[in-house]
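K.L.:
requesting a structural model of the entry that follows:
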Amino acid sequence: MAGHSTARGTGAGPADPGGPAVTSAHERGITTLTLDSPANRNALSARLVRELADALSRCAQDPAVRAVVLTHAGTTFSAGADLKNPANPYTFVALMRQLVELPKPVVARVSGHVRAGGIGLVGACDMAVADRGSDFAFTEVRIGVAPAMISMPLLPRIDPRAASRYYLTGERFDAAAAQAAGLLTAVGDDVDEALAPLVDGLRRASPRGLAEAKKLLTAEVLEHFDRHAEDLVQRSASYFTTAEAREGIAAFMERRDPAWVR
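P.N.:
As a prediction, this is how the structure comes out:
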């Protein structure tokens, strides 16, 4: 990403499967955290979720960090849950809440595909930008489950009619539709051009001003976490025990339609 090139002890790059799942760079008050596991499309594995949470904690404690940009290596921001090595659901909920509560603004930078739980990460960020070629889908219903946990940051922020359509159909929608739904802040032909004025504004704002303004903006979202987190974690876990979910996941792995498709 242009303008974010000073690495902070991240070790190997994306070509090295033994390297970190999340890498970090810092320039002029902005820390860029990159989901750096393109081999599995930045799926939300236990490892990636843990490393992202640790990186966000460091950002929260570092006075040199004015704001965070959350982006990705490869063509997919995140494909959602890692079905082979999933994160603990409580840990994933804690990560989304951490993004919402972080005392510094977080901006999602998307240039590619975003699916299921990956949309939860985007929704937990304070702002989000994407290029016009990006696309999104709540694919949960197509494997026999539902987008339960990610509803906490999303439903307070996106248009209810859009949520109904995309939650229930699982269809892909483009960046323009995501912006119209309230998921994205800005869309452009070039994602970094769309991002630039937001980052410039964050650099011009005072640290305390940003923290206090963010508290005002996130109060309702945090109320959803307080009220619904336990129920939605339990619901999500129960979905995966059903025969439909087992069939849906098997069909996904085998690249075929599940039995209920007619």
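K.L.:
buried residues in stretch 160-179?
P.N.:
162-163, 166-167, 170, 173, 175, 177-179 (16 or more other Cβ atoms under 10 Å). Every residue, glycine included, has its C-beta placed from N, CA and C.
K.L.:
excluding chain neighbours, give the residue nearest to the spatially most central residue of the chain in space.
P.N.:
Centroid-nearest residue in the chain, with Cα atoms, centre = their mean: Leu121, separated by 1.9 Å. Nearest-residue entry for Leu121: Ser78, 6.1 Å, with adjacent residues in sequence omitted and distances by Cβ to Cβ, 6 or more residues apart in numbering.
K.L.:
can you count the residues close to that neighbour?
P.N.:
Ser78: 28 surrounding residues under other Cβ atoms under 10 Å.
K.L.:
now swap in the one 4 residues further on and tell me
P.N.:
The local packing of Asp82 (other Cβ under 10 Å) involves 21 other residues.
K.L.:
measure the residue nearest to the centre of the chain to Glu254 for me?
P.N.:
27 Å (Cβ to Cβ, to the nearest Å).
K.L.:
also Gly18?
P.N.:
29 Å.
K.L.:
again, but for Asp131
P.N.:
32 Å.
K.L.:
identify the residues contacting Ala53.
P.N.:
Counting by Cβ atoms under 8 Å, 6 or more residues apart in numbering, Ala53 makes contact with 91, 94-95, 98.
K.L.:
most distant residue from the centre of the protein?
P.N.:
Arg262 (32.4 Å).
K.L.:
in the stretch 1-150 of the chain, which spans are helices?
P.N.:
For the stretch 1-150 of the chain, the helices defined by DSSP state H, counting those that start in this stretch cover 46-61, 89-101, 117-124.
K.L.:
using CSV, write out every CA atom in the longest one.
P.N.:
Read it as helix 46-61. C-alpha atoms of helix 46-61 as CSV (Å, rounded to 0.1, in the frame of the first residue of the first chain):
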residue,chain,number,x,y,z
ALA,A,46,-7.4,-19.0,15.6
ARG,A,47,-3.9,-17.8,14.7
LEU,A,48,-5.0,-14.9,12.6
VAL,A,49,-7.6,-13.7,15.1
ARG,A,50,-5.0,-14.0,18.0
GLU,A,51,-2.3,-12.1,16.1
LEU,A,52,-4.7,-9.3,15.0
ALA,A,53,-5.9,-8.9,18.6
ASP,A,54,-2.3,-8.6,19.8
ALA,A,55,-1.5,-6.1,17.1
LEU,A,56,-4.5,-4.0,18.0
SER,A,57,-3.5,-4.0,21.7
ARG,A,58,-0.1,-2.7,20.8
CYS,A,59,-1.7,0.1,18.7
ALA,A,60,-3.9,1.0,21.6
GLN,A,61,-1.0,1.4,23.9
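K.L.:
so which bits of it are buried?
P.N.:
48-53, 55-56, 59.
K.L.:
let me know the closest of those to Asp231.
P.N.:
Val49 (20.8 Å; Cβ to Cβ).
K.L.:
buried ones in the top helix by length along the chain, by neighbour count?
P.N.:
Taking DSSP state H as the criterion, the chain has its longest helix at helix 207-239. For helix 207-239, burial by neighbour count (16+ other Cβ under 10 Å) applies to 210, 214, 218, 221-222, 224-225, 228-229, 232-233, 236, 239.
K.L.:
ok, Pro258 touching Ala251?
P.N.:
Yes - using Cβ atoms under 8 Å, Pro258 is in contact with Ala251, at 3.9 Å.
K.L.:
still on that earlier bit, ok, now how distant is the residue farthest from the centre of the chain from Arg165?
P.N.:
Arg262 is 21 Å from Arg165, by Cβ to Cβ.
K.L.:
same thing with Val145?
P.N.:
In terms of Cβ to Cβ, Val145 sits 18 Å off from Arg165.
K.L.:
ok, Asp131 and Glu254, which is more surrounded?
P.N.:
A direct count of neighbours by other Cβ under 10 Å for Asp131 and Glu254 places Asp131 higher, at 19 against 9.
K.L.:
many thanks, I have nothing further to ask.
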